Structure formats: C-alpha cells, structure tokens
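here are the coordinates; sequence isn't available:
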C-alpha cells in the first residue's frame, strides 16, 4: 500500500500536543501528514504546515486582526470560513486523502464544517467532547465519523492516549481501504439514485431489481428529509448517471409543515446538472409528525394514522395537493436534462388504496391534475392505470427511464 496523506486540522494552540501524538502514530504507519492550524488564542504548540494566519487570510482577514478584536466567536467564525474555502481546494489538488480532527465545542464546529465541504467517501474522523448528544449539527448529511473523547482533550494520559491511538488507527485504516475502493468504483456499473418510504417499498424494490437486471447499480435513499438532502448532495457531486425519484413525499412536509422536510431545493440537483430523472408522486398522501401527542393542535381533527408509536401520518387534502403539485412542477420545469413524470392513477402509497385509511380519489385527482397542468410541455407525463406498488407501475418506471437514455 502506497503512503497516503492525512490532513490534521485543528487548534494547535490548545490541542497541539495531542495533534503531535497522532501525527507520530500516523507517520509510524508509513503515511504522511498535512497539519493545518485553526488556533487563534496563542502560538501553536507544534509547528504547522499551514498556519492560522494562512487560514485567516483565506477569509480576507489576518490573525493579528482576529486577536485584536477580542471577540472569540467572530474569530472562530472567520477561521471556519477560511477552512471551508481551503480544505476542498486542497482536496481537489490531491494534497490529502483523509482528514482527522480533535476538539471541543469550537474546534468540533470548525473542523466538521470543513469536513462537510468534502465529497462523501473521503475519510473523515472527528474525536470530540461533543460526540455524545445531538450530533446532527456536526454530521448533517455527510459521512463524518464522530468518536467520543470520553475525557476532555486536554493533555496526554493513559486514557486519552488510547482513544487518540484508536482515532489514528481508524483514519489510517480508512485511507488504506479507500485506495482499494476507489479502483473498484472506477470499474463499477452506472449508478442510479432512487427514493423510498415504507409505503412505497414494493415499488422501489421491484424497479431496483429491474434496473439491476438492465446493467445498473441502484442506491436507495429513505425519504426522511435527511435522505432527500443526502441524495441531492450526491447528485451535485456527480455520483449518479440517473435518478428514479419515486418517493417525493418530503414535499408534503415542506409545504404543509411536517417534520421530514428536505427543504425548498428538493428535486433541484438532477435538473440543475442535467441528469436524466424519472419522477413520481410516492407518498404524497401523507405529512409526517412524531408521536400522536406531538401533532399540532390545528391538525388534530384531520385524518390521522398512527404508523407506529413514534410516527403519526396526516392525509393531505385536495388544496394541499394542489400546492404540493405546483411546487414540484416548478422544480421539474427548471430541469435542463431529460425528465419524465409518471403518475400511478390508482394510489400513491400502500395506505392510499380502496379500503385503506388514506384512500382519497379527490385528493389524488387534485394532485394529478395540477401536475399535468403545471409542468412544461417538454416534460413527458405518463399516466399508468395502476397502484404505485403494482408490478405494472415498476415496469413502467423502468421502461420510461430506458426511453430517456435514447
């Protein structure tokens, strides 16, 4: 295995000895290090390859100015912005293969922000005092690996040495494994993104099998807000040859006010990059809330369904379906690549069928009619006289995708 380079990014004025320790361990395994300093409080305890002043200048300021301000919050924000500019540029230049950080609250915020600028798949390990709790602000939808430091990162002792050694071993193992994975990925089949919810699983499973038989690999994302955002980010990163966006349910939560929204840019990445996309209306019959008691008071008299102890679903009304349809049409109309919209006329989820709690033909018709009337004429709209989980609908999706490739 050839030597790889690991970026060590953090505050060397307070954590320099700890960074020096992991640097020794990494280099003892035959790898190189690139040490970048984010510290603004004092002089670094070990010599960096990239100084704090270098990083401050990337944000249009300098270290002396940040220190003179006396505002630690302002200084941390400036260093974070500088790191977020430099780190992806260094990676694009091939200067490192993975990144390791050590920190408390401020350090974790800065380092993980820089980590999130990197593509999924780049090894990222953060040893942090903040890793036991709400980690969403640090991870978001990127593959940041958090390791709880157990003790504060404030000196070397038998316990902290063991934890830091584990972290050094982890990042070394990751970059070594990534080298082999990169060569395998280069030879893999074209990759397709798909979206799924529990109530659209039969459809997505069937279409995945059809696509795999046709020579594609399929990556399925759970349409829970973070899943949709993760897919959008990976589309922007150029991972996918096409998209089967079967389950666009996150738009219900965005428009109506549920808890699983993927934000107002959902359904934009494929169109922006010109990636072929087949879009459907999976689970647009439902808005998501937590436990039944968490449903907002203004919705308590609506059609509600207890999916389980922690998830309550609310049926979308015809008016809400009109609003959702318009928002989806806006996104599709901005697409620059081949785009098709496929509508299952007999129901959009497992609980939107005759005899099921969300069966509402009027609401579905409002959705379908709005989409047909609102999408640009250049976008193909295909009506399929089937339920979304019928085999015929999965076959239609695969056929439409194949037609977009011609």
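Alright, I've got the coordinates. This structure is a prediction, so every number in the text was calculated from the model and none was measured.

not counting its neighbours along the chain, what's nearest residue 96?
Nearest in space to residue 96, with sequence neighbours left out and distances taken as CB to CB, 6 or more residues apart in numbering, is residue 7 at 4.1 Å. To be clear about C-beta, it is placed using only N, CA and C from the backbone, and glycine gets the same treatment.

report how many residues lie close to the one you found.
Residues contacting residue 7 under the criterion other CB atoms under 10 Å number 29.

same check on residue 370?
As a burial measure, residue 370 scores 20 neighbours (other CB under 10 Å).

one more: residue 71?
Around residue 71 there are 12 other residues, counting by other CB under 10 Å.

report the contact partners of it.
Counting by CB atoms under 8 Å, 6 or more residues apart in numbering, residue 71 makes contact with nothing.

helix or strand for residue 147, which one?
Assigned by DSSP states H and E, residue 147 belongs to strand 145-148.

what helices and strands are in contact with that strand?
With contacts taken as 3 or more CB pairs under 8 Å, 6 or more residues apart in numbering; DSSP states H and E, strand 145-148 sits against strand 124-128, helix 158-186.

now it: buried residues?
Using 16 or more other CB atoms under 10 Å as the test for burial, strand 145-148 gives 145-147.

note down every partner strand of it and its orientation.
Here strand 145-148 has these sheet partners by DSSP bridges: strand 124-128 (parallel).

pairing partners for the residue nearest to residue 96 in the sheet, please.
Beta-bridge pairing for residue 7 (DSSP bridges): residue 34, residue 99.

measure residue 405 to residue 380 for me?
13 Å (CB to CB, to the nearest Å).

more neighbours: those two, which one.
Higher neighbour count among residue 405 and residue 380: residue 380, with 15 against 11, using other CB under 10 Å.

spit out the contact partners of the more buried one.
339-341, 400.

make JSON lines from those and add distance to residue 360 and pLDDT to it.
Below are the contacts of residue 380 laid out as JSON lines (distance: CB to CB, whole Å; pLDDT from 0 to 100):
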{"residue": "339", "distance to residue 360": "27", "pLDDT": "98"}
{"residue": "340", "distance to residue 360": "25", "pLDDT": "98"}
{"residue": "341", "distance to residue 360": "20", "pLDDT": "98"}
{"residue": "400", "distance to residue 360": "26", "pLDDT": "98"}
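
tell me which two in the residues you listed are the farthest apart.
By the measure CB to CB, 339 and 400 form the most distant pair in the contacts of residue 380, at 10.4 Å.

what is in contact with those two at once?
Among the neighbours of residue 339, those also in contact with residue 400 (CB under 8 Å, 6+ apart) are 278, 380.

okay, these two: which has more neighbours?
Using other CB under 10 Å as the criterion, residue 339 and residue 400 rank with residue 339 on top: 26 against 20.

closest one to residue 270 among the helices and strands packed on strand 145-148?
Closest of the helices and strands packed on strand 145-148 to residue 270 is helix 158-186, at 20.4 Å (criterion: CB to CB).

output the below-cut-off pLDDT ranges for the stretch 151-300 of the chain.
Filtered on pLDDT under 70, the stretch 151-300 of the chain yields the residue ranges 179-187.

how about the helices in it?
Using DSSP state H, counting those that start in this stretch, the helices of the stretch 151-300 of the chain run over residues 158-186, 201-213, 226-236, 250-252, 269-273.

what's the fourth one packed up against?
Other elements packing on helix 250-252 under the criterion 3+ CB pairs under 8 Å, 6+ apart are strand 286-289, helix 318-333.

could I get those as CSV with distance to residue 158?
Formatted as CSV, the helices and strands packed on helix 250-252 follow (distance: least, CB to CB, whole Å):
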stretch, distance to residue 158
strand 286-289, 47
helix 318-333, 55
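
so what's residue 74 up against?
Each residue near residue 74 by CB under 8 Å, 6+ apart is listed here: residue 66.

ok, so what distance separates the residue nearest to the spatial centre of the chain from residue 140?
The residue lying closest to the centre of the chain (CA atoms, centre = their mean) is residue 230, at 2.2 Å. Residue 230 sits 9 Å away from residue 140, going by CB to CB.

which one in the protein is furthest away from the centre?
Note on the chain: the largest C-alpha distance from the chain mean falls to residue 68, namely 37.8 Å (CA atoms, centre = their mean).

now it: how far from residue 159?
To residue 159, residue 68 is 38 Å away according to CB to CB.

among the buried residues of strand 145-148, which one sits closest to residue 234?
Residue 234 lies nearest to residue 145 out of the buried residues of strand 145-148, by CB to CB, at 17.6 Å.
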